[in-house]
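> Sequence and computational prediction follow.
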Protein chains: 2
Amino acid sequence: MDLFVSKYINKIDKKGRVSLPSSFRNVLPKANRNEIILYKSIKTPSIEGCGVGRLKEIAKRINNLDFFSEDYDDFSTSIFSEIVTTNVDKEGRFLIPEELKSYAGIKTEAAFFGQGYFFQMWEPKQGLKNTEDSRRRLLKEKKSLRMMLTQQK
Amino acid sequence: MDLFVSKYINKIDKKGRVSLPSSFRNVLPKANRNEIILYKSIKTPSIEGCGVGRLKEIAKRINNLDFFSEDYDDFSTSIFSEIVTTNVDKEGRFLIPEELKSYAGIKTEAAFFGQGYFFQMWEPKQGLKNTEDSRRRLLKEKKSLRMMLTQQK
DNA sequence: CATATACCCATTGACGCCCATATATTCCCA
DNA sequence: TGGGAATATATGGGCGTCAATGGGTATATG
């Protein structure tokens, strides 16, 4: 499985370390298993994360913008300066930077939600509520959900 | 990671020295870890910096502008003639030339902002405000920012 | 010679690395 | 197939190393 799926709730220890769920670690390329990138979610009070490979993709894309345009600076600033890289230790744990932790309201536990190509970290209560809310919104449009789920191949 | 990412705020000591963030030092080629180039940002009151290797890339960018345009001369002059090289000492610190420091309004602390292939140095307050402004501009066009961040592969 | 800058050494706190344990999971073999 | 052993995962904690910072002294350069 090379996608981030399922959800987990892990504890944050005294030193601020939290285990990246094992199944998530396995999604990272064997080469760079010891480094991930984190950034504030644009739309929700949560932290998003993924492997560094994704960052290089983003970098390439930004690099293709007109270097002297205002857009270049805006993207570059909003993305690169907001992204933090974090090292995953041999036990699979990492530190969540304070700024991100407070942005997401995370204190003693972090809830990990697989999102396919990336994952989110939430304060557990808020995260679960968000899941319910999304599901509720989707169910309001059953038709489209059914279509999404039953479409083949 | 071979990109300048994240942000840091470091102190400037009595002698005018400031630490280049460790993660930034690691972006510089192992060969030339003791030298960086600095120049005034064209669009903002900040200082931009990078390893000496990137000079060629900047030259290329400028060379791609129309040779007979006014822009060509302006960029060429503004950037090349303003570039200064600075030595990084064994502890990873360097001196910010007075002219650049006053251009950016930097006094006792410098904020380092990763920008991918280069970095910026700001007076902390102004730098943080600039980040917010950038983000605000981009969020007005949610589509583009989301695209930049979530496109897969 | 005077000022600026490089080199050396020191301190503090944060972080990485290592080892340890408890629980859960898988595997293997009788 | 049941039970026990080997393995993996989440978690806890000790300790050495490194990053950021401060300061003394040598050296260079005009």
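Happy to help now that I have it.

> Any residues of chain A in contact with chain B? List them.
A:35, A:37, A:39, A:42, A:52, A:55-59, A:61-63, A:67-68, A:70, A:73-85, A:116-118 (CB under 8 Å from any CB of the partner chain). For glycine as for every other residue, the C-beta is placed from the backbone atoms N, C-alpha and C.

> Generate a PyMOL selection restricted to the buried subset of these.
Provided next is the PyMOL selection string for whichever of these are buried by 16 or more other CB atoms under 10 Å in any protein chain shown:
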select buried, chain A and resi 35+37+39+42+52+55+58+59+62+67+73+74+75+76+77+78+79+80+81+82+83+84+85+117+118
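
> Could you list which of the residues of chain A next to chain B belong to helices?
Using DSSP state H, the members of the residues of chain A next to chain B that fall in helices are A:52, A:55-59, A:61-63, A:70, A:73-80.

> can you pull out the strands in chain A?
Secondary structure of chain A (DSSP state E): strands at A:7-11, A:17-19, A:35-40, A:47-51, A:84-87, A:93-95, A:109-114, A:119-122.

> Which one of these lies nearest to DNA strand D?
Nearest of the strands of chain A to DNA strand D, taken as CB to the nearest atom of the strand: strand A:7-11 at 3.4 Å.

> Turn the strands of chain A into a markdown table, including distance to DNA strand C.
Below are the strands of chain A laid out as a markdown table (distance: least, CB to the nearest atom of the strand, whole Å):
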| stretch | distance to DNA strand C |
| --- | --- |
| strand A:7-11 | 12 |
| strand A:17-19 | 8 |
| strand A:35-40 | 9 |
| strand A:47-51 | 15 |
| strand A:84-87 | 4 |
| strand A:93-95 | 5 |
| strand A:109-114 | 16 |
| strand A:119-122 | 17 |
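
> Take those and write them to a markdown table, including distance to B:Ser23 and mean pLDDT.
Formatted as a markdown table, the strands of chain A follow (distance: least, CB to CB, whole Å; pLDDT from 0 to 100):
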| stretch | distance to B:Ser23 | mean pLDDT |
| --- | --- | --- |
| strand A:7-11 | 25 | 95 |
| strand A:17-19 | 19 | 96 |
| strand A:35-40 | 11 | 94 |
| strand A:47-51 | 17 | 95 |
| strand A:84-87 | 7 | 94 |
| strand A:93-95 | 14 | 96 |
| strand A:109-114 | 23 | 96 |
| strand A:119-122 | 21 | 97 |
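
> right, so of the ones you listed, which gets closest to B:Trp122?
Set against B:Trp122 and scored by CB to CB, these come closest in strand A:84-87, at 17.7 Å.
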